[in-house]
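# How does the following fold in three dimensions:
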Amino acid sequence: ILKSLGYNQLVLQIGRGTVVPEPFNTESFTLDVYRYKDSLKEDLQQADLVISHAGAGSCLESLEKGKPLVVVVNEKLMNNHQFELAKQLHKEGHLFYCTCSTLPGLLQSMDLSTLKCYPPGQPEKFSAFLDKVVGLQK
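Next up is the predicted model:
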């Protein structure tokens, strides 16, 4: 599916996963696989599309880099917090979400041009609020 959409490389971080795909390189497609890296910054900078689990850190890091994002929700997690985050960010137009079983269909039907840029954080607002709460500022 990725190849039919014009992608020529897939980079997988598999963590502690039990399925370990065999990397390969052909004229038209490359599959790279690794368990962990100290930082995903370089991979994110080079990515044209990010497909991720729906953890808050992974979602926000990808969105802050301005990358189109598809999150795959783990429905087995307690209280399904990943679904709540993915649903809200999708409602705001920042990403697409799916489950493992619906990923192929989503990839074939999604329109990345409809995604909205995620607004940059404003840490100065939080620090000003915190200063006020603890009495450092009136």
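
# CA atoms for contacts and neighbours, from now on please.
Will do.

# what's near enough to touch residue 56?
Shown in contact with residue 56 (C-alpha atoms under 8 Å, 6 or more residues apart in numbering): 82, 85.

# let's number from 163 now, not from 1
In the new numbering, first residue 163, that becomes residue 218.

# Surely residue 252 forms part of a helix?
Yes - the assignment for residue 252 by DSSP: H, G, I helix; E, B strand; the rest coil puts it in a helix.

# residues in contact with the nearest residue to it once chain neighbours are set aside?
Nearest non-adjacent residue to residue 252, counting by C-alpha to C-alpha, 6 or more residues apart in numbering: residue 258, 5.7 Å away. Residue 258 is in contact with 231, 232, 233, 248, 252, 272, counting by C-alpha under 8 Å, 6+ apart.

# Including distance to residue 179, neighbour count and secondary structure, could those go into TSV?
Formatted as TSV, the contacts of residue 258 follow (distance: C-alpha to C-alpha, whole Å; neighbours: other C-alpha atoms under 10 Å; DSSP: H, G, I helix; E, B strand; the rest coil):
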residue	distance to residue 179	neighbour count	secondary structure
231	21	23	strand
232	20	26	strand
233	18	24	strand
248	22	25	helix
252	27	18	helix
272	27	12	coil
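
# Lovely, talk soon.
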